[in-house]
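Peer 1: Give me coordinates for this.
(2 chains)
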Amino acid sequence: MFDGYTSSELMSIFAMQGFAGLSLFSVFVLMALGLAIIFGQMGVINMAHGEFMILGAYTTYLTSGFFQSYLPGLFGGYFFIAMVLAFFICAALGALVEWLMIRHLYHRPLDTLLATWGLSLIMQQAYRSIFGAREVGVDLPEWMMGAIPVTDMVDLPINGLFVMVIALSVAVGVYLLMYRSGYGKKVRAVVQNRPMAEAVGINSAGIDRATFALGCGIAGIAGAAFTMIGSTGPSSGQAYIVDTFLVVVFGGAQSLIGTIVSAFGISQAQSTMEFFLSGSMAKVLTLLVVIGILMIRPEGLMALKVRR
Amino acid sequence: MKHSSLMKWFVSREGLYYLALAFLLVVILPLTLDSFRLNMVGKYLTYAFVAIGLVMCWGKAGILSLGQGVFFGLGGYCMAMFLKLEASTPEATAIQSTPGIPDFMDWNQLTELPWFWEPFHSFSFTLLAVIGVPVLLAFVIGIAMFTRRVGGVYFAIITQAIAAVLTILIIGQQGYTGGVNGITDLQTLMGWDIRTDEARNILYFICVAMLFLCLFAARLVQNRKLGRILVAMNAQEMRVRFSGYDVAAFKIFVFCLAAAFAGIGGALFTLLVGFMSPSFIGIVASIEMVIFCALGGRLSILGAVYGALLVNAAKSGFSESFPELWPFAMGALFIGVVLAFPDGLAGLYKSYVMPLEDKVFKRNKSKSAPVGATPAAKKADDYSPMANTCSPEKS
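Peer 2: The predicted model follows:
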């Protein structure tokens, strides 16, 4: 498949596709982080995670519209406000969903999967009724447009770089929260041994709700970031959800580092192969390799060793 | 079953449930519906095959597969390939640049039939493949997953990913599979035109007959020790393993059984509807199949048939009059069934209708009780943690 390319061309192709893969990587990381903390904490698979992400994207879309009409002077900075709004709106909805639905189903993880799928259908149709079936896009602020030329063949678009910075900052933030804060200590205690954690006085139900809300909030940030590199439609979330599940499972459900490594591996493999094969075959091959590895190593790349 | 006990079974309560379903499908619906509607009911019934498989696999054994569409689709595609080859005779396709191959291959500049299409010239091979291909895939997945003790949510996600892979593959390999349109324009089965109303009616009755065959096969499994082990595995997998049973083998068996049912359903779907496309395989289609089973009652094979009929009838009804409301209804159905009625219609029937039946048939029941439930069987029920969620046909 490398026939007919000189080595310098190949290098540029790998660099360009690698960078394109990095945008995908950023979306994967942001989506998967939220999913992984929910899954790792409660064993719950949130099928509506993609729809929470799209909620964040629509929040950003509305915020950009608001700034355009009422505060055009501050338009350059609207994105940061939108991101904070998206986080809190999604987290609030997440807490509500946890209270109404998820907490009744903790002992039935497969049923949670079906119930959240139902939720995702309702959310999707709600977006379709409110925002219409057409995809919407936001106007990027001036400073985010353009590209940085690295060599004469390789250009790096600024919005892609920016999204990557967000993804990495969120990842660092989640790491600090999980491993350097009192809340994180409690979360890890509940993950490792729920009855013991409860016995020492940790309110595990409260931790569950906070974690679910946090996961959904991060999905909101993912949605806000997503608007910078693509347009948003009612069913955009569904397009990413299977990939994201695989990222989480592949990385080892309770390992944040594993999640990031597997997001990197899957996005790079897909994007590099996309150049040489057709897009669909690249995706098929990537997914098949991931499924194959999961069959050999079901606990994922970096599994947390816990005595059960 | 001996002749006399067969008669007794038919007048027992369980037998009456089966007779009622048969009466509905064979007498009432064909007499009240026109040919077009009856064909649609037949289409819904092909989903009931998948739902019965899911009852065995998910309800009884606790293995949730979100990729049943894969097996449904493979069965359907096997049948569609045979019908397509029959429709693509050199005479019928004389205007193509390569006559004698299916039209979509010609459009995609293929000049000869791919090797994996060749065996589908034979009808007996096709019938074998309709069951064999899904079962083989299920067997490979099962060996890989269950012997490594992958289960629960992980299994659900991986089967979902397999559904995604197969859909993308079929859409991407347009020249070999017909792409996103699927395999269309199917005309005859061994020279018999399947598009006429008469043929469709006959196919409907074949579908009902096959459905009852599958129902009896599933019933055979669930009423044997095999079925008890499946239920036990769901409740206490470790205890079953420590009792000396090979848990993985039972899981592989039930997953293959579900795949076989789904494959038969898919093949009948192709015959009744006249085409097959990747939209019946994908993630959305596969997860919808789970709701047929969940609504009917995840532990009841008869419930699964009603579940498939009701959800699909509601879907067509809504889509005709309020298309934008259907996703809300479907979403509410998913949430409602899981949160409020985890045992579905069969559970509701058991708790509300059966007490009434008991009153009506009180005399009848006291006479037949020793036949229906031996003390040993009753005891086993009491031990099972699922005792209060039994399917209605276990009287």
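Peer 1: CA atoms for contacts and neighbours, from now on please.
Peer 2: Will do.
Peer 1: Which helix or which strand is home to residue B:287?
Peer 2: Using DSSP states H and E, residue B:287 falls within helix B:283-296.
Peer 1: for that helix, packing partners?
Peer 2: helix B:35-54, helix B:68-87, helix B:152-172, helix B:301-321, helix B:326-339, helix B:344-348 (3 or more Cα pairs under 8 Å, 6 or more residues apart in numbering or on different chains; DSSP states H and E).
Peer 1: pLDDT (mean, whole number) over that helix?
Peer 2: Computed over helix B:283-296, the mean pLDDT rounds to 90.
Peer 1: next one: stretch B:35-43
Peer 2: Per-residue pLDDT values over stretch B:35-43 give a mean of 90.
Peer 1: Would you state the predicted confidence (pLDDT) at the residue in chain B that chain A sits nearest to?
Peer 2: Distances between chain B and chain A by Cα to the nearest Cα are smallest at residue B:331, namely 3.7 Å. What the model reports for residue B:331 is a pLDDT of 90.
Peer 1: In terms of helix, strand or coil, where does the residue lying closest to it once chain neighbours are set aside fall?
Peer 2: The shortest distance from residue B:331 to any non-neighbouring residue, by Cα to Cα, 6 or more residues apart in numbering or on different chains, is to residue A:118 (3.7 Å). For residue A:118, the assignment made with DSSP: H, G, I helix; E, B strand; the rest coil gives helix.
Peer 1: Tell me, how many residues neighbour residue A:118?
Peer 2: Neighbour count of residue A:118, defined by other Cα atoms under 10 Å in any protein chain shown: 27.
Peer 1: Same check on residue A:87?
Peer 2: If you count neighbours by other Cα under 10 Å, residue A:87 ends up with 28.
Peer 1: Kindly report the same for residue B:22.
Peer 2: Residue B:22 has 15 neighbours, counted by other Cα under 10 Å.
Peer 1: The residue nearest to residue B:331 contacts residue B:332, correct?
Peer 2: Yes - using Cα atoms under 8 Å, residue A:118 is in contact with residue B:332, at 6.3 Å.
Peer 1: Distance check, residue A:252 against residue B:74.
Peer 2: 31 Å (Cα to Cα, to the nearest Å).
Peer 1: Show me which of these two is the more surrounded one.
Peer 2: Regarding residue A:252 and residue B:74, a neighbour count based on other Cα under 10 Å identifies residue B:74 as having more, with 30 against 25.
Peer 1: doesn't residue B:266 make contact with the more buried one?
Peer 2: Yes - counting by Cα under 8 Å, residue B:266 is a contact partner of residue B:74 at 7.3 Å.
Peer 1: okay, now residue 117: neighbour count?
Peer 2: Since you didn't name a chain, this refers to chain A. Neighbour count of residue A:117, defined by other Cα under 10 Å: 24.
Peer 1: wrong chain, I was asking about chain B
Peer 2: For residue B:117, using other Cα under 10 Å, the count is 15.
Peer 1: That one should be in a helix, yeah?
Peer 2: Yes - secondary structure of residue B:117 (three-state DSSP): part of a helix.
Peer 1: With adjacent residues omitted, what lies nearest to it?
Peer 2: residue B:81 (7.2 Å).
Peer 1: got the contact list for that neighbour?
Peer 2: B:117, B:120, B:183 (Cα atoms under 8 Å, 6 or more residues apart in numbering or on different chains).
Peer 1: Same check on residue A:133?
Peer 2: Residues in contact with residue A:133 (Cα under 8 Å, 6+ apart) are A:127, A:233, A:234.
Peer 1: what residues does chain B put near chain A?
Peer 2: For chain B, the residues in contact with chain A (Cα under 8 Å from any Cα of the partner chain) are B:64, B:144-145, B:148, B:150, B:152-154, B:157-158, B:160-161, B:164-165, B:168-169, B:172, B:324, B:327-328, B:330-336, B:338-339.
Peer 1: By neighbour count, sort out the buried ones in the residues you listed.
Peer 2: B:64, B:144-145, B:150, B:153-154, B:157-158, B:160-161, B:164-165, B:168-169, B:172, B:327-328, B:330-336, B:338-339 (16 or more other Cα atoms under 10 Å in any protein chain shown).
Peer 1: Distance of the residue of chain A found nearest chain B relative to residue B:156?
Peer 2: Closest to chain B within chain A is residue A:118: 3.7 Å, counting by Cα to the nearest Cα. Distance of residue A:118 to residue B:156, given as Cα to Cα: 16 Å.
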